[in-house]
Every structure is written in structure tokens, then in C-alpha cells.
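J.: 3D, please:
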Amino acid sequence: MLTSLLLLSLYATVAAAATAMLDGRLDEHWALWKKTHGKWYRGEVNERHRRGLWEKNLMMITLHNLEASMGARSFQLGMNSLGDMTPDEIRQSLATLTPPPEPQRQSEFLGSSMNVPASMDWRDKGWVTWVKNQQGKECLYSHAHRAANCFAHHFLPRGDEDALQHAVASLGPISVAIDASGHKFAFYKSGVYDDASCSQKTNHAVLVVGYGALNGEDYWLVKNSWGRTFGDEGYIRMARNKNNQCGIALFACYPVMSSTSGVEQQPPAHRTANCFAHHFLPRGDEDALQHAVASLGPISVAIDASGHKFAFYKSENQPRRVSGRIRRTEREDYWLVKNSPAHRTANCFAHHFLPRGDEDALQHAVASLGPISVAIDASGHKFAFYKSGVYDDASCSQKTNHAVLVVGYGALNERTTGW
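T.: Numbering: from 1, shown residues only. Here you go, the predicted model:
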């Protein structure tokens, strides 16, 4: 009996202490976060413990983003499904890779002498599968798009980011191991992840699917395996050319595919990367142009666009296409031509107003004419501090007070459309 009373008393004390530490102003946000990520806890004490960790992580995220807004950080953080975990719990659950013993490596990457583009994103070429949630499953060589006929792996020179760049440009996505134990890594949202404390002790397998530069910061475009709630739809931009930060080039490897002849072959992506000059087709030869479009893809051409009617061309039954058709032969064959809508904006000598409040008309106008001037209500306090995502504020009124330009439209996260 006495033991039970003591346990009840201890429970009440712990619960009271936990209650006193929590911020009641965040009750609705906590409930929304739990609903968003399907969180449920056994017992009030456990939930309050997790709530306390969530508030601590939220404060860390908020302070970091404040520093980022003042230019002190190159990346932003965001709350995600890991918000109720300690740094140790995150490391023990998600950063569990043990790198292989020092493998046999190439002394140099054979493609290192070739010219490579300044940026690359293999997602645009359809070479990257969707982001999966494989939390707790670490394998440096298990990326499905490479797997079927793969019988060997080649490791790039240790720590050589230049070799890694050339491999990504010429071969395609490259498997790497990184240090993902940093607490802020788990909450990365956007920007270029540049953390001087990130070590060379690799503990997590990821896939480099591209590279580039953002706001003057070189980055690797990295596909993670923690689901789409992590980072930028499952991806993270990690600092490039920063002394092999996070050990990203220590265990970079790519597969060698088998062929019917038994000869090792590279994936076909290497065919696209050796172009460093321009070739002109035979002058005035439309047949050569047709064959080039069919076999190579889009071809740059020069045309006479001075005709008055050219400027007012309208594609029948295709209001969303910012392209035109140019007659090719007497059979009404055509070339499908992508035009630049910018030339439409400079010679405007009169204004036409679209139907009032008709977003469908606005969409068609943007698609067929180019950027459209609009007026909006920009008086909302949060509007002034917008950073990313789709601005959706139910309090935003119909009292327009600010002129802006609609330059496009689309959908983000497959759930929300936006201008």
C-alpha cells in the first residue's frame, strides 16, 4: 500500500513538474504536429516528456532560422516528424551505417579530364526514383535504380570532391556515406547545409543526384531516405568544396553493370556529358533538322519573328502552352517551337483587364501571354516575413493594396497549388 502511494505521489510530482515546464501557448501547435505526423503516446508522463523535447527542438529551430534571416546561416531548419526525439535517439535510430573496410580504389577517376556542366540534377532526366522512408535501414549499395545487373562497385579516390563531381556529371547518381549525426541535420529544410562541426566519421548512406550553386554556395544535391517530410521533399543540399565536409567523398562508389559479352559497362548516362562544343546542321536542311529533333532532342534554331501576325499567334485548343506551331510543309506539318514570353512585355501600349476574380482566366492568360500584372492584399503581418512554401492565409482580404507580377503557377507537395 505504502509503495503504491509513493508511486502515485512520484507520478503526480513528475506530471506537475512537466506541466510547469511546458508552454501553454503551444498547445494547439502541439496537437497539430501530432495529427500531422500520426503521433500517439502511452501515458501522460511520456507525452509530456516528448512534448518537452518537441518544445526544445522548436526553440532550437526558431533561433537558428532567426540567425539565417540575418545572413548568419546558409540554411533553414523546419519542424518534422523527428521533433520529439533527442539527438542521441536520432543518431541511434537513423545514423547507424558502419563504413566498409578500406576498399580497393581507383587511383584516379577516368572521367576527371572531361569538361562537366556547372550544375546537374538527374531528377530532371528521370534517373531518380521517389523518396522512400527507410529509417533504420542502412546500405551503401542498395539503391534500386542501379540494382538489377550490378555485379561490382568502383570506389572513387578517397575524399576527392572533384572526382565525385565528374562521376555525377558523367555516370549519374553516386552512392556516398556522410556524417548525419549533427542535430541540425535532422531538421534541415532549405538552403545549403554548411556545418563546420560536421565530422569525417561517416554513419549514413545517401545518394548524390546532382550538384550546383545557390546564392554563391556550392552544394551537392543529396537524396535522403527518411521520407518526404525530411528536408526539401526528402532532399538536402550539402556544402560542396568545403574540405570534404561531412566526409561526403570518402566512400563514393558507383556500380559497374554486366553486359551480354561479360564486359563491364557504365550506365548510359555517360553519353550525355561529353558535349563541349556546338554542331551546326546543314544550312536550310529541314530533313536534317527533323532527324536531329527525333534522335537528339530539342534543337536551338533562329527564325524571322518580325511578322506582325507572329506576335499575335494563338494555339488552337491549347490555352496552357507557351509555345507555337510553325508551318513546315504544304501538308500542314509543323515545327513545335518554344518561344520566350519576355518579348511580349515590352511593347505594351494598352491594358486589358481580365474578368474580375476569375482565377481560371488568369491561369490561361499567364500560360498563353506571359507574366500578368495583378493587385493583392499584402497587409498581412506574416506576408512581410514570407520565406518559402505556399502562402495560404485565410485572413487575407479582397482589399487590394499592392501591385505585383504573376510569372507562373504550379503545385507544391502535390497538395497545394500556387501562383
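J.: next, the buried residues of the host helix or strand of Ala163.
T.: Per DSSP states H and E, Ala163 falls inside helix 161-171. Within helix 161-171, the residues that count as buried by 16 or more other CB atoms under 10 Å are Glu161, Ala163, Leu164, Gln165, His166, Ala167, Val168, Ala169, Ser170, Leu171. For glycine as for every other residue, the C-beta is placed from the backbone atoms N, C-alpha and C.
J.: out of these, which is nearest to His204?
T.: Of all the buried residues of helix 161-171, Leu164 has the smallest distance to His204: 16.6 Å, by CB to CB.
J.: if I look at that closest one, how far off is Thr62?
T.: Noted for Leu164: a distance of 34 Å to Thr62, by CB to CB, to the nearest Å.
J.: now swap in Ser190 and tell me
T.: Between Ser190 and Thr62 the computed distance is 15 Å (CB to CB).
J.: repeat that for Ser175.
T.: Taken as CB to CB, the span from Ser175 to Thr62 is 35 Å.
J.: more crowded one of the two?
T.: Ser175 (21 against 11; other CB atoms under 10 Å).
J.: and the more buried one, what pLDDT?
T.: Ser175 is assigned a predicted lDDT (pLDDT) of 92.
J.: what's the helix or strand it falls within in contact with?
T.: Assessed by DSSP H and E, Ser175 sits inside strand 174-178. Applying CB atoms under 8 Å, 6 or more residues apart in numbering, the contact partners of strand 174-178 are 97, 99, 140-141, 143, 146, 153, 156, 164, 167-168, 202-208, 222, 238, 246-254.
J.: in strands, which of those residues fall?
T.: Counting by DSSP state E, these place His153, His204, Ala205, Val206, Leu207, Val208, Val222, Met238, Cys253, Tyr254 in strands.
J.: just give me the longest helix of the protein.
T.: helix 44-69 (DSSP state H).
J.: report all helices and strands that the helix or strand following it contacts.
T.: Using DSSP H and E, the helix or strand that follows helix 44-69 towards the C-terminus is strand 75-77. The contact analysis (3 or more CB pairs under 8 Å, 6 or more residues apart in numbering; DSSP states H and E) places strand 75-77 against helix 44-69, strand 188-193.
J.: need the winner for burial among these.
T.: Of those, the one with the most neighbours on average (mean count of other CB atoms under 10 Å) is strand 188-193, at a mean of 23.
J.: other SSEs contacting that one?
T.: Counting contacts by 3+ CB pairs under 8 Å, 6+ apart, strand 188-193 is packed against strand 75-77, strand 217-223, strand 235-239.
J.: A helix includes Gly83, no?
T.: No - with DSSP: H, G, I helix; E, B strand; the rest coil as the criterion, Gly83 is coil rather than part of a helix.
J.: show the subsequent helix or strand relative to the helix or strand where Ala367 lies.
T.: Element membership for Ala367, per DSSP H and E: helix 359-369. Next in sequence after helix 359-369, counting helices and strands by DSSP H and E, comes strand 372-376.
J.: where are the low-confidence patches of the stretch 151-300 of the chain?
T.: Residues of the stretch 151-300 of the chain that meet the criterion pLDDT under 70 lie in 151-152, 256-279, 291-292, 294-298.
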